[in-house]
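Q: Mind folding the following:
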Amino acid sequence: MFKRILALVGLSLSLGQTIVVGEHHEETIDIGSRLELFVDDFLVEEMLGLELMLHSPQSAGKVLNFDKPWEGNTSFYVNILKDDDRYRMYYRGSNSPDYVQTSLLEPGEKVGVHHPFTISYAESKDGIHWERPDLGIYEFEGSKANSIVWIDKPGDQEITAGMHVFKDGNPKAPASQRYKAVGGTSYPLVPLVSPDGLHWTELQGQKSLIEEGLHGNAFDALNVVFWDSFRERYTIVFRDSGRGPHPKAKGPAYRPQESRAQNYGNRSFKFASSDDFVNWSSPQWVDFGDAPTEHLYTNGTTPYFRAPHIYMAFPKRFQPWRQRWKDTPFPGASEAVFLTSRDGLHWDRRFMEGFVRPGRDKKNWTHRNNLVAVGVHPTASDEISLYVVRNYNFPSIHLERMVLRTDGFVSVHADYEGGELVTRPLLFEGTNLVLNYSTSAAGSIRVEVQDSEGNPMPGFGLDESPLIWGDQIDSVVRWERAHSAATSKEPLKRLAGRAIRLRFVMKDADLYSLRFQ
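A: Residues are numbered from 1 along each chain as shown. Have a look, this model is predicted:
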């Protein structure tokens, strides 16, 4: 118990939370009015007959074909941000005939020739319908009628190999640096700034955003950086590989047993933070706990927009030795997986199954395919969208939109036999409990409010709970049977500031998130 308290205190300090340890050694978590998702067991004290279930997104169709002259069959490393009333997309445009598996080409499909990398741009009003504006910034093949926002100068580092863009929410950031980016997939990792997200310059006085703690193939992917509004810091999650000293290294730093234990050479990622985008903490390997080591080629990290204290990542799990066709120019198959973190360093890797599989399309079973773009965004009042690069290597390469219900990544799931969940003691702000849930026609959820010792609070026992059934994203729990009409609109008002537990008794139902308001 003591170790568990220390671990929770450490994690909570990283979240800026208040932890109260009572006389019975029960940890009280102050969630205020913050939305909490059941993507991990952070709130869970006990579950009986229930499980955390991962839900995969469903296809909503193509939204963009990478078929412009400055794009091509190896266009990649997409990131999407929501900027006030529009969505903005940045991605690498590239074309390479060397990567094509010709046996899978459709009649009449042609790959074309190599052209220089570009960083290209598209925008949308709804996240569904996209267009490429003629920006007139860079010339490509004799014309400025294109959507290119960056082309490397001759002799420069290949910023265009991969460039991640974000809008800086730091109130101290000058207007000339309202948009920031990091470019390149090898050292140096170049920092860039822009006043409008379209016209970019390299940040002066900085050779590389990260200059220490690097191993083999550092930055060889899309490296993600953003302003963390919850913790008020800049965060970077970047690619590295080589978990431990190189097997050929010599000297006191070389420990062969450690190298083998850490599975040298696997792709993974590191974490660092900064207060000013200039001075960064020493990069640290992220921690996946007891999860088996796998090649995680990219990371796709993003703070979830409804609960920015929770980081989500959608790494491309790479199986480098799998090969479906003998004539493939490069072996390997990949898919997206799902993991979360509450501090950027320690990641919950409980869901080992694929989150976005290659699917029925044979062109998605080739190397380095099925990349999830950085960014999860609302595209309807009850829907969130992710975007996946499909048919990488082929002329039919495109971006597919995939959808989930709002907060719908993971649920506390009850089968028909049912079960129950009891939370850890919570402090909250608000007068109502709001749930995101789904039941079958025969299913149900009941909620009991307990004191910190697990005793039902007067008026909030299980028998006094409403029978909750249906499918709602933001549903207020009404204890109308136990309260007068005058108090039923704010049933929890008298409990605010007191440590409580929530007990959920569920049958054929899913619970995705909760919050107090």
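Q: where's residue 334 relative to residue 93, distance?
A: According to Cβ to Cβ, to the nearest Å, residue 334 and residue 93 sit 21 Å apart. To be clear about C-beta, it is placed using only N, CA and C from the backbone, and glycine gets the same treatment.
Q: sorry, that was for residue 423
A: Residue 423 is 48 Å from residue 93, where distance means Cβ to Cβ.
Q: Between those two, point out the one with more neighbours.
A: The residue with more neighbours, out of residue 423 and residue 93, is residue 93; 26 against 20, by other Cβ atoms under 10 Å.
Q: what are the bridge partners for that one, then?
A: residue 118 (DSSP bridges).
Q: so where's this structure uncertain?
A: For the chain, applying pLDDT under 70 flags the ranges 1-26, 242-265, 481-488.
Q: number of nearby residues for residue 231?
A: Neighbours of residue 231 (other Cβ under 10 Å): 17.
Q: Same check on the one 3 residues further on?
A: A count of nearby residues for residue 234, using other Cβ under 10 Å, gives 24.
Q: Can you name every helix or strand that the helix or strand in which it is found contacts?
A: Element membership for residue 234, per DSSP states H and E: strand 233-241. Packing contacts for strand 233-241, counted by 3 or more Cβ pairs under 8 Å, 6 or more residues apart in numbering; DSSP states H and E, involve strand 224-228, strand 267-274.
Q: quick one: which of the ones you listed is nearest residue 386?
A: strand 224-228 (14.6 Å; Cβ to Cβ).
Q: Partner strands of the closest one, with direction?
A: strand 233-241 (antiparallel).
Q: okay, the angle between the strand it pairs with and strand 267-274?
A: Angle, strand 233-241 to strand 267-274, by axes from the mean of the first three to the mean of the last three Cα atoms, to 10 degrees: 160 degrees.
Q: Might you calculate how far strand 233-241 sits from the centre of the chain?
A: 13 Å (Cα atoms, centre = their mean, to the nearest Å).
Q: so residue 56 touches residue 372, yeah?
A: No: at 11.6 Å, residue 56 and residue 372 do not qualify as touching, with contact defined as Cβ atoms under 8 Å.
Q: so what's in contact with the two at the same time?
A: 355, 356 (Cβ atoms under 8 Å, 6 or more residues apart in numbering).
Q: what about those two, which has more around it?
A: A count of neighbours by other Cβ under 10 Å puts residue 372 above the other of residue 56 and residue 372, at 27 against 15.
Q: Now do the contacts for residue 506.
A: If you count contacts by Cβ under 8 Å, 6+ apart, residue 506 has them with 50, 412, 414, 418, 419, 420, 421, 443, 444, 445, 446.
Q: between these, which is nearest residue 238?
A: The closest of those, once distances to residue 238 are taken by Cβ to Cβ, is residue 412, at 33.0 Å.
Q: now the strands: where do they sit in the stretch 301-450 of the chain?
A: If DSSP state E, counting those that start in this stretch is used as the criterion, the strands of the stretch 301-450 of the chain fall at 302-304, 307-313, 316-319, 333-336, 339-341, 347-348, 371-372, 377-380, 383-390, 398-405, 410-414, 419-423, 426-428, 433-451.
Q: Generate TSV for those strands, with distance to residue 130 as supplementary columns.
A: Formatted as TSV, the strands of the stretch 301-450 of the chain follow (distance: least, Cβ to Cβ, whole Å):
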stretch	distance to residue 130
strand 302-304	19
strand 307-313	23
strand 316-319	22
strand 333-336	21
strand 339-341	28
strand 347-348	31
strand 371-372	17
strand 377-380	12
strand 383-390	10
strand 398-405	8
strand 410-414	29
strand 419-423	41
strand 426-428	40
strand 433-451	28
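Q: what's the closest of these to residue 287?
A: strand 347-348 (6.6 Å).
Q: partners of the closest one, with directions?
A: Paired neighbours of strand 347-348 in the sheet (DSSP bridges): strand 339-341 (antiparallel).
Q: what's next to the partner strand, contact-wise?
A: Strand 339-341 has contacts (Cβ under 8 Å, 6+ apart) with 39-40, 286, 288, 310-313, 315, 347-349, 351.
Q: Of the residues you listed - the most surrounded one?
A: residue 315 (30 neighbours).
Q: didn't it look like it was pressed against residue 297?
A: Yes: between residue 315 and residue 297 there is a contact under Cβ under 8 Å: 6.9 Å.
Q: quick revisit: relative to residue 439, which of the contacts of strand 339-341 is nearest.
A: residue 39 (20.1 Å).
Q: quick one: contacts for the closest one?
A: Per Cβ under 8 Å, 6+ apart, neighbours of residue 39: 52, 310, 312, 340, 348, 409, 410.
Q: between these, which is closest to residue 89?
A: residue 312 (18.7 Å).
Q: can you count the residues close to residue 236?
A: Residues within reach of residue 236, counting by other Cβ under 10 Å, total 25.
Q: Test my guess that it contacts residue 182.
A: Yes: here residue 236 reaches residue 182: they are 7.4 Å apart, a contact under Cβ under 8 Å.
Q: which neighbours do those two share?
A: Both residue 236 and residue 182 are contacted by 209, 223, 225, under the criterion Cβ under 8 Å, 6+ apart.
Q: May I have the residues that are in contact with the first one?
A: Same thing as residue 209. If you count contacts by Cβ under 8 Å, 6+ apart, residue 209 has them with 182, 188, 189, 190, 191, 225, 236, 280.
Q: Take those and lay them out in TSV including secondary structure and distance to residue 66.
A: Listed next are the contacts of residue 209 as TSV, based on DSSP: H, G, I helix; E, B strand; the rest coil; distance: Cβ to Cβ, whole Å:
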residue	secondary structure	distance to residue 66
182	strand	22
188	coil	27
189	coil	25
190	strand	24
191	strand	27
225	strand	24
236	strand	27
280	strand	33
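Q: which one among these gets closest to residue 141?
A: Looking across the contacts of residue 209 and measuring by Cβ to Cβ, the closest to residue 141 is residue 190, at 25.1 Å.
Q: For the closest one, list each beta-bridge partner.
A: Residue 190 forms beta bridges with residue 183, as assigned by DSSP bridges.
Q: check contacts around it.
A: Here residue 190 is in contact with 157, 159, 182, 183, 184, 202, 208, 209 (Cβ under 8 Å, 6+ apart).
Q: Spell out which helix or strand contains the last one, please.
A: If I follow you right, that is residue 209. Per DSSP H and E, there is no helix or strand for residue 209.
Q: so residue 392 sits right up against residue 361, yeah?
A: No: when contacts are counted by Cβ under 8 Å, residue 392 is not listed as touching residue 361 (11.4 Å).
Q: So which of the two has more stuff around it?
A: Neighbour tally, residue 392 and residue 361, criterion other Cβ under 10 Å: the higher count belongs to residue 392, 23 against 13.
Q: What are the phi and psi values at the more buried one?
A: Phi and psi for residue 392, reported as degrees, to the nearest 10, are phi -60, psi 140.
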